[in-house]
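> Just a sequence and a predicted model for now, questions to come.
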Amino acid sequence: MAEGGKGSPYEEALDALSSLITKRSRADKSNKGDRFDVLFDYLKMLDLEDAISQMKIIHVAGTKGKGSTCTFAESILRNCGFHTGLFTSPHLIDVRERFRLDGVDICEEKFLAYFWYCFDRLKEKTNEDIPMPTYFRFLALLAFKIFAAEQVDVAILEVGLGGKFDATNVVQAPVVCGISSLGYDHMEILGNTLGEIAGEKAGIFKHGVPAFTVPQPDEAMSVLEEKASQLDVHLQVVPPLDDNLLNGQKLGLVGDHQYLNAGLAVALCSTWLQKTGHSEVSYLGQTNPLPEQFIEGLTTASLQGRAQIVSDPYIDTERTGDLVFYFDGAHSPESMEVCAKWFSLAIKEDSQQQILNYQPQDNSQSSHEWVQRHLDKTAEKNSAQILLFNCMTVRDPNVLLPRLLKTCAIHGVHFKKALFVPNVSVYYKVGSHSLPPTDSQVDLSWQFTLQRVWENLMQTNKGGEDKSADVDEDLKVDTAICVRNGENSAVFDSLQLAIKWLRDSVQQNKSIRFQVLVTGSLHLVGDVLRIVKK
Ligand SMILES: Nc1ncnc2c1ncn2[C@@H]1O[C@H](COP(=O)(O)OP(=O)(O)OP(=O)(O)O)[C@@H](O)[C@H]1O
Ligand SMILES: [Mg+2]
Ligand SMILES: [Mg+2]
């Protein structure tokens, strides 16, 4: 994590970056600022045109799985020996997560140097007609600067939003393009039908540049095919990666859908290798074994906040109960189901995992005996599943929450309580180091809405199964700490208070293992990670 508090050079850069966050409406036509083609003016100002035209780029759009696909691709090509640059979004804790060099977040020193190079030049050369770029556009320009200056062998770019008018789409001649799973997300901006969404994403296709996608709904696929044929793009559909190709190892990113993303990444990398004259390591077909470097890349890839499990470091598991967080930034209907399924399966594997993780180094007893003793100990502990949730107001909780609840129920998992908290402000997403002081004026009407949806769902789903088979006592939420207590839920003024309640509850219920699913928003995931990963 970055050093330095307020007033440090890093903090100063983040302040400058925050000044680019605007609420300017898309209808504001007072200057050229929102037009796509000003991006080319910025490239000229930063002297990046030549460098970009020579970059060996993999460009990925999609509704879900972009970041994962890019992460797999980066890891594969790095393991093939290439010097890699990876640009993804959003970030969870620190903005530097968006820029990886050789698989590692860019260091503070380099970040600062490139940041001010771009910021100062643009400040100097922009004017009333062409104002400073907006936040995401600036970050994309910065990525190009970083990758050009660092002379990466391959630049892997995740589209920020949509495709056609995304800042990353200034790229004219990528080596290969990918479209990950298409679904409904950001409909408020990109249009309502799957066909329209597909059309927007296909905006990254470039004349004659090969493209790959995963199996898509017909409506989306036909649009992709049409756009591809207009541009003479050879579009191929890649099946999910066959598990057997991994020599018994597991993908670095977990969840069924990651096989789709991994399959896409393998196709993108193979094509990149062929087209850049490295066919000696390329992977040519379904039936061949995967090259060793590909397997290494796929099984070691990692991305924060996606199906990530973290034990709360503040809880002493020897003397008290346990608190384990399950993070997944799912925020669309489809990904909600994927996330619910992952959580349900992960908590079942959990007790065995625990034992493996905590196996002592000085193994005086036979390991079998040790495992048995701890299995017994773990079995004594009941578990309680808690949901910690927030989503943006543009999402529909009447779609997201039922999907989550149903998918968990199918797997026999029932939440003991749902906790709803407000998000930390956007400014602090950028300025990243500490959470802002709790604000008693915070508007919680959205959290009350979420709570109502949840309580209604619980009422309608009542009866049938015994919901709280695992835990007998009721988990009480003291009204002094939460704002509104429901039978199955609570709303908190702030995330910090919700975490405090969780930690207190663990102290008070020593026999219970708390398994908290944090989902609905990557911002929320980032905020919780920032608290528990200190
Ligand atoms: N192929 C997929 N199909 C459905 N859901 C997926 C798929 N891949 C990932 N997800 C879900 O979406 C979440 C985000 O994954 P990822 O970061 O790879 O996607 P993204 O397209 O970069 O998303 P974002 O819009 O947040 O940038 C994951 O946590 C997972 O729940
Ligand atoms: Mg998205
Ligand atoms: Mg992403």
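Yes, it's here. Ligands and ions are numbered 1, 2, ... in the order given.

> which bits of the protein sit near ligand 1?
Within the chain, the positions lying close to ligand 1 (C-beta under 6 Å from any ligand atom) are 62, 64-68, 89, 158, 180-181, 257, 260-261, 306, 328-330, 334-335, 338-339, 522. Bear in mind the C-beta positions are built from the backbone N, C-alpha and C, glycine included.

> who are the neighbours in contact with residue 400?
331, 333, 336, 391, 520 (C-beta atoms under 8 Å, 6 or more residues apart in numbering).

> Please flag which of those residues sit within helices.
When the contacts of residue 400 are checked against helices (DSSP state H), the matches are 333, 336.

> Looking at pLDDT only, which of the contacts of residue 400 scores worst?
The pLDDT minimum for the contacts of residue 400 sits at residue 333, where the score is 87.

> What about it, how many residues nearby?
With neighbours defined by other C-beta atoms under 10 Å, the count for residue 333 comes to 17.

> Contacts for the helix or strand hosting residue 503, please.
Using DSSP states H and E, residue 503 sits in helix 495-508. Contacts with helix 495-508, where a contact means C-beta under 8 Å, 6+ apart, come from 312, 314-315, 320-323, 386, 388, 419, 421-422, 424, 435, 438, 475, 477-478, 481-482, 490, 492, 512, 514, 516, 524, 527-528, 531-532.

> Can you get me a residue count around residue 292?
The number of residues packed around residue 292, counting by other C-beta under 10 Å, is 12.

> Tell me how far it lies from ligand 1.
25 Å (C-beta to the nearest ligand atom, to the nearest Å).

> Just the ones of the residues of the chain next to ligand 1 in helices?
For the residues of the chain next to ligand 1, secondary structure assignment (DSSP H) places 66-68, 260-261, 334-335, 338-339, 522 in helices.

> Can you flag the buried ones in those residues?
66-68, 260-261, 334-335, 338-339, 522 (16 or more other C-beta atoms under 10 Å).

> Contacts only, for the closest residue to ligand 1 within the stretch 101-250 of the chain.
Using C-beta to the nearest ligand atom, residue 181 is the residue of the stretch 101-250 of the chain that sits closest to ligand 1, at 3.7 Å. When contacts are counted by C-beta under 8 Å, 6+ apart, residue 181 is found next to 62-65, 214, 216, 257, 260, 334.

> and it, bridged to which residues?
Under DSSP bridges, the beta-bridge partners of residue 181 are residue 64.

> cool, residue 383 as well?
residue 513.

> Output stretch 331-339 as CSV, nothing but the C-alphas.
Output of stretch 331-339 as CSV, limited to C-alpha atoms (Å, rounded to 0.1, in the frame of the first residue of the first chain):
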residue,chain,number,x,y,z
HIS,A,331,-23.4,-6.0,-9.2
SER,A,332,-25.4,-7.2,-12.2
PRO,A,333,-28.2,-9.8,-12.1
GLU,A,334,-26.1,-12.6,-13.8
SER,A,335,-23.1,-12.1,-11.7
MET,A,336,-25.2,-12.0,-8.5
GLU,A,337,-26.1,-15.7,-9.2
VAL,A,338,-22.6,-16.6,-10.0
CYS,A,339,-21.5,-14.9,-6.8
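
> which residues sit against it?
Residues from elsewhere that reach stretch 331-339, judged by C-beta under 8 Å, 6+ apart: 63-64, 181, 183-185, 255-257, 307, 328, 330, 391-392, 395, 399-400, 403-404, 407, 517, 519-522.

> Among those residues, name the buried ones.
Buried members of the contacts of stretch 331-339, counted by 16+ other C-beta under 10 Å: 63-64, 181, 183-185, 255, 257, 307, 328, 330, 391, 395, 400, 403-404, 407, 517, 519-522.

> out of these, which are inside strands?
Assignment to strands by DSSP state E places the following of these there: 517, 519.

> Only whichever of the contacts of helix 495-508 are buried, select them in ChimeraX.
Filtering these down to the buried ones (16+ other C-beta under 10 Å) takes a single ChimeraX command:
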select :312,315,320,321,322,323,386,388,419,421,422,424,475,477,482,490,492,512,514,516,524,527,528,532
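
> mind listing which of the contacts of helix 495-508 are in helices?
Those of the contacts of helix 495-508 mapping onto helices are 524, 527-528, 531-532, per DSSP H.

> what's around residue 231, how many residues?
Other residues within reach of residue 231, judged by other C-beta under 10 Å, total 14.
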